[in-house]
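A.B. asks: sequence first, then the predicted structure:
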Amino acid sequence: MASDIADPSLADLGRQRIDWAETHMPVLASIRERFAKERPLDGVTVAACLHVTTETASLLRTLKAGGATVNVCASNPLSTQDDVTAALVRDEGIQVFAVKGEDTDTYFRHIDAVLDEHPQLTMDDGCDLVSRLHQERPDQVGEVLAGTEETTTGVIRLRAMEADGALRFPIVAVNDADTKHMFDNRYGTGQSTLDGIIRATNVLLAGKRVVVAGYGFCGKGVASRARGMGAQVYVTEIDPLRALEAVMDGFRVVTMEEAAPEGDIFVTVTGNRDVLRGEHFAAMRDGAILANSGHFDIEIDLKALGAMAGSRRGVRPSVEEFLLDGGRRVLVVAEGRLVNLGAAEGHPAAVMDMSFANQALAAEWAVRHGATLEKRVYGVPAEIDKEIARLKLDTMGVGIDRLTPEQEEYLSSWTVGT
Ligand SMILES: NC(=O)c1ccc[n+]([C@@H]2O[C@H](COP(=O)([O-])OP(=O)(O)OC[C@H]3O[C@@H](n4cnc5c(N)ncnc54)[C@H](O)[C@@H]3O)[C@@H](O)[C@H]2O)c1
């Protein structure tokens, strides 16, 4: 099947924006240069199920430079940038199956199209590709050498597959690399989530009560950036440690029941379902804005909200208004899907530079070692993580100290005390 994209005439714009993103991705550029010389992915067909953005284009170009044949589909129906898909098809010889706003059937048809190319390496963001491959095409699973997974939710699903004995090839959990989740999830999601809410609603954050559900790396980023813009930030959690951390970081930790009648803006980043549900909608003030930045559109119970609403209508691009009893309006951004990708451009390229450097190096590692690996979820090797941090610092012009021989000895000895 040939590529399925929205509009080939957008290729010039896509080219321009991919080039712009690449000026902020020097680590990936240095890997691409090495890949072009060493061709570590020669002969490998890659199935990538990722948010098809400018930064992803840069990753796909890197895989191709390394010798891979690359086919890509979207990992979310709303996150595709149609100009990028057009440029990838016209300029890069990459097959693309992704259209912004595609329905669920098309979404899975596109995943199938990528699987039809019989990949040896999977590159997933949320585990839909790997899950579909295992469930619908058991005969094809044996062709796959290894895979990589980009996000927290996907890693949780893959660990569940491993625990069930269902996982049939090794996966590298890119999300678990420090140079991924400590930066992408915190600084990337932190900034781009607010960017999505602001672009969609043009709301002033200063003085607003912002409720952040989940204080993981993403939640920490959203909470601290909302505070930085002058909001009063409330945090909800189910984990006592994370809740305590939020308290000591100076946030007001409350239950969602307490937060519901107070919040002006609600952001879910838990990776869990029904975090905002009927009882909460019933208590919300007029004009409350709801957004989700967790991987799937399950964190806000939109079915319940729809059932409670007398009517619903679009009031701005990416904003739907639900009219509840007493004339209260509740506004949902980007259909409750990842707000930073649905209503903005996703993470800034400078942070995806590290996430996708991990993807590229993890792919190289997986191909090199795939045959000897077990059918389980692996972390990114520590030396890759360190190398990416070192490269990123270099490109930022930041130098750090080196241990003196005496310090090295001190740190490795147990005999020297007070
Ligand atoms: N928007 C993006 O671009 C983006 C980027 C990275 C990750 N993600 C996704 O965001 C989600 C969170 O990722 P993370 O890395 O912060 O995960 P995490 O596991 O570090 O944090 C999630 C937090 O949510 C809490 N939680 C779970 N259920 C809850 C509930 N009912 N109420 C309140 N808190 C609850 C957990 O205790 C945990 O502290 C995942 O779905 C991940 O895939 C999105």
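C.D. replies: Received, thanks.
A.B. asks: tell me the secondary structure at residue 76.
C.D. replies: Under the three-state scheme (DSSP: H, G, I helix; E, B strand; the rest coil), the conformation of residue 76 reads as coil.
A.B. asks: for it, give me phi and psi.
C.D. replies: Backbone geometry at residue 76, expressed as degrees, to the nearest 10, gives phi -160, psi 140.
A.B. asks: next one: it from residue 93, what distance?
C.D. replies: Counting by CB to CB, to the nearest Å, the gap between residue 76 and residue 93 amounts to 24 Å. All C-beta atoms are positioned from the backbone trio N, CA, C, and that covers glycine.
A.B. asks: higher neighbour count, the two?
C.D. replies: Here residue 76 and residue 93 are compared on neighbour count by other CB atoms under 10 Å; more neighbours surround residue 76, at 25 against 10.
A.B. asks: surely that one is in contact with residue 340?
C.D. replies: No - with the criterion set as CB atoms under 8 Å, residue 76 and residue 340 do not qualify as a contacting pair; they are 10.7 Å apart.
A.B. asks: part of a strand, is residue 148?
C.D. replies: Yes - assessed with three-state DSSP, residue 148 lies in a strand.
A.B. asks: tell me the confidence at it?
C.D. replies: According to the per-residue confidence, residue 148 scores 97 in pLDDT.
A.B. asks: over to residue 206?
C.D. replies: According to the predicted model, the pLDDT of residue 206 comes to 98.
A.B. asks: surely it is in a helix?
C.D. replies: No - note on residue 206: no helix contains this position according to three-state DSSP, which reports coil.
A.B. asks: check contacts around the residue of the chain found nearest the ligand.
C.D. replies: Taking CB to the nearest ligand atom as the measure, the chain has residue 216 as its residue closest to the ligand, at 1.8 Å. Listed by CB atoms under 8 Å, 6 or more residues apart in numbering, the contact partners of residue 216 are 152, 185, 242, 269, 270, 271.
A.B. asks: okay, now the fourth one: neighbour count?
C.D. replies: Here the neighbour count serves as a burial measure; for residue 269 (other CB under 10 Å) it reads 31.
A.B. asks: now do the second one
C.D. replies: When counting by other CB under 10 Å, one arrives at 24 neighbours for residue 185.
A.B. asks: repeat that for residue 165.
C.D. replies: The tally of other residues near residue 165 (other CB under 10 Å) stands at 8.
A.B. asks: work out for me the element it sits within.
C.D. replies: Assigned by DSSP states H and E, residue 165 belongs to no helix or strand.
A.B. asks: quick one: it from residue 134, how far?
C.D. replies: Between residue 165 and residue 134 the distance is 12 Å, computed by CB to CB.
A.B. asks: next: residue 22.
C.D. replies: Distance check for residue 22 against residue 134: by CB to CB, it reads 34 Å.
A.B. asks: so residue 242 touches residue 218, yeah?
C.D. replies: No - with contacts counted by CB under 8 Å, residue 242 stays clear of residue 218, the gap being 11.7 Å.
A.B. asks: between the two, tell me which one has more neighbours.
C.D. replies: The residue with the greater number of neighbours, taking residue 242 and residue 218 and applying other CB under 10 Å, is residue 218; the counts read 29 against 17.
A.B. asks: return the backbone torsion pair for that one.
C.D. replies: When read as degrees, to the nearest 10, the backbone of residue 218 gives phi -60, psi -50.
A.B. asks: i'd like the first residue to be 723 from this point on
C.D. replies: Understood, numbering begins at 723; the last thing we discussed is residue 940.
A.B. asks: I figured it hits residue 913, correct?
C.D. replies: No - in this structure residue 940 lies outside contact range of residue 913 using CB under 8 Å: 11.2 Å.
A.B. asks: residue ranges with poor pLDDT in the stretch 723-872 of the chain?
C.D. replies: 723 (pLDDT under 70).
A.B. asks: can you give me the helices in it?
C.D. replies: Taking DSSP state H, counting those that start in this stretch as the criterion, the stretch 723-872 of the chain carries its helices at 733-744, 748-760, 776-787, 804-814, 826-837, 850-858, 860-863.
A.B. asks: and those, which is most packed in?
C.D. replies: By mean neighbour count, with neighbours taken as mean count of other CB atoms under 10 Å, helix 776-787 ranks first of those at a mean of 26.
A.B. asks: what parts of the protein come near the ligand?
C.D. replies: Remark: the part of the chain in contact with the ligand comprises 873-875, 903, 907, 911, 935-941, 958-961, 964, 991-994, 997, 1015-1017, 1060, 1062, using CB under 6 Å from any ligand atom.
A.B. asks: quick one on the thing from earlier: in helices, which of the contacts of residue 938 fall?
C.D. replies: Cross-referencing these with the helices (criterion: DSSP state H) gives 874, 964 as the overlap.
A.B. asks: show me the helices in the stretch 923-1072 of the chain, by range?
C.D. replies: Counting by DSSP H, counting those that start in this stretch, one finds helices in the stretch 923-1072 of the chain at the ranges 939-950, 962-970, 978-981, 1000-1005, 1024-1030, 1061-1064, 1071-1091.
A.B. asks: just checking, what packs against the third one?
C.D. replies: In this structure, helix 978-981 packs against strand 931-935, strand 954-958, helix 1000-1005, with contacts taken as 3 or more CB pairs under 8 Å, 6 or more residues apart in numbering; DSSP states H and E.
A.B. asks: buried sites along that helix?
C.D. replies: For helix 978-981, a neighbour-count test (16 or more other CB atoms under 10 Å) marks 978, 981 as buried.
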